[in-house]
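Asker: sequence and computational prediction follow.
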Amino acid sequence: INEFLIPAEKIWQPTDFLPNSQSDSFYDEVEKIRGEAKELGYDFWVTLVADTITEEALPTYESWLMDVEGIDQHNGKDNGWSKWVRAWTAEENRHGDVLNKYLYLSGRVNMREIEMTTQHLISDGFDIGTDRDPYKNFVYTTFQELATNISHKRVGKMARQKGN
């Protein structure tokens, strides 16, 4: 599985898509984001907030994927499943980070409400009805990833329609 995993040093990071806070032009770049954000409509923000909360709920996803039948996450840290789940979680975490930072910099949403919603989602947990069945978990994850991909593409389409 290692041949398919890209090291953190070589893969994109959220700051690659955001203003560089160490740059002299940081505040100008933030002002540009805020200006462009004013052009985006309600549907854009509602969808982006939902996408962000979904991406930030990663601890929940990893915990149930590491508990499927036949996986020993404590003694089998180096098995393919455990490595993949942890790498996937790290990838998803980057998605949540870049979306969260963009929302924050845009100044268009109440970040405290978003953060509380995310905290409730993670602390309350959820039951997707798959129990510990690896097959059902894989099917659920596949459909969840497809739905998220579609939603992200729709957000991008709404942004492009406004010239962003």
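Answerer: Thanks, I have it.

Asker: tell me where the model's unsure across the protein.
Answerer: 76 (pLDDT under 70).

Asker: and the residue lying farthest from the centre of the chain, how far is that from Y102?
Answerer: In the chain, the residue that sits farthest from the middle, by CA atoms, centre = their mean, is D24; the gap is 28.7 Å. D24 sits 21 Å away from Y102, going by CB to CB, to the nearest Å. Bear in mind the C-beta positions are built from the backbone N, C-alpha and C, glycine included.

Asker: again, but for E145
Answerer: 21 Å.

Asker: what does S25 give?
Answerer: If you go by CB to CB, the gap between S25 and Y102 works out to 17 Å.

Asker: neighbouring contacts of whatever helix or strand L48 lives in?
Answerer: Using DSSP states H and E, L48 sits in helix 42-56. Under the contact criterion CB atoms under 8 Å, 6 or more residues apart in numbering, helix 42-56 has outside partners 92-93, 95-96, 99-100, 102-103, 108-109, 114, 117-118, 121-122, 148, 151-152, 154-155, 158-159, 162.

Asker: show me which of S25 and Y102 is the more surrounded one.
Answerer: Y102 (17 against 11; other CB atoms under 10 Å).

Asker: how many other residues sit next to the closest residue to that one other than its chain neighbours?
Answerer: Leaving out its chain neighbours, the residue that sits closest to Y102 by CB to CB, 6 or more residues apart in numbering is L18, at 6.8 Å. Counted with other CB under 10 Å, the neighbours of L18 add up to 18.

Asker: now do the buried residues in stretch 64-71.
Answerer: Neighbour-count burial for stretch 64-71 flags 64-66, 68, 71 (criterion: 16 or more other CB atoms under 10 Å).

Asker: give me phi/psi at L5?
Answerer: phi -100, psi 130 (degrees, to the nearest 10).

Asker: and T141, what element?
Answerer: Here T141 is assigned to helix 134-161, by DSSP H and E.

Asker: list the buried ones in that helix?
Answerer: Under 16+ other CB under 10 Å, the buried positions of helix 134-161 are 137, 140-141, 148, 152, 155, 158-159.
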